[in-house]
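**Q** Below is the sequence, then the predicted model.
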Amino acid sequence: MSDFPVDEQALTFLKEALGTAYEVDEDGNHTLVGGDFSLYRLLEFYSGYDPSKLETEHGIDIYPESLYSLRDVIEALVDEVLRLRACAPNEGLLD
């Protein structure tokens, strides 16, 4: 999968997700702090993840469709930077 969204809202959500973490209390309960989504939950959201499609084989959960990965996000961001540089090749460069 590729073509991760790089619009302003997606970038804002990505930046927020990078600042989140799970805290584990004494009882082993996990709580997300620092934002509304972890990075992996955000990738699931943009992929259109549907938990009802999850299948279990030999005790392993398998999702039958492609989900966005960190590689997809990095490639999309690099492509966007290159596209922007091609539009304004010398803007913002130091002499």
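**A** Received, thanks.

**Q** Every contact and neighbour count from this point should use C-alpha atoms.
**A** Fine.

**Q** Can you list the low-confidence ranges for this protein?
**A** Filtered on pLDDT under 70, the chain yields the residue ranges 1, 91-95.

**Q** all helices for it, in order.
**A** With helices called from DSSP state H, the chain shows them at 8-18, 39-47, 70-87.

**Q** Mind putting these into JSON lines with distance to Glu55?
**A** What follows is the helices of the chain, written out as JSON lines (distance: least, C-alpha to C-alpha, whole Å):
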{"stretch": "helix 8-18", "distance to Glu55": "27"}
{"stretch": "helix 39-47", "distance to Glu55": "16"}
{"stretch": "helix 70-87", "distance to Glu55": "23"}
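
**Q** and among those, the most buried is which?
**A** helix 39-47 (a mean of 16; mean count of other C-alpha atoms under 10 Å).

**Q** Would you mind pulling the contact partners of it?
**A** Outside helix 39-47, the residues that touch it by C-alpha atoms under 8 Å, 6 or more residues apart in numbering are Phe4, Phe13, Leu14, Ala17, Leu18, Thr20, Ser66, Leu67, Tyr68, Ser69.

**Q** one more time with 6 Å, if that's ok
**A** Outside helix 39-47, the residues that touch it by C-alpha atoms under 6 Å, 6 or more residues apart in numbering are Ala17, Leu67, Tyr68.

**Q** Now do it against helix 8-18, angle only.
**A** Calculated by axes from the mean of the first three to the mean of the last three C-alpha atoms, to 10 degrees, helix 39-47 forms an angle of 160 degrees with helix 8-18.

**Q** from the chain's centre, how far out does helix 39-47 sit?
**A** Remark: helix 39-47 is offset 5 Å from the chain centroid, using C-alpha atoms, centre = their mean, to the nearest Å.

**Q** All set, thanks.
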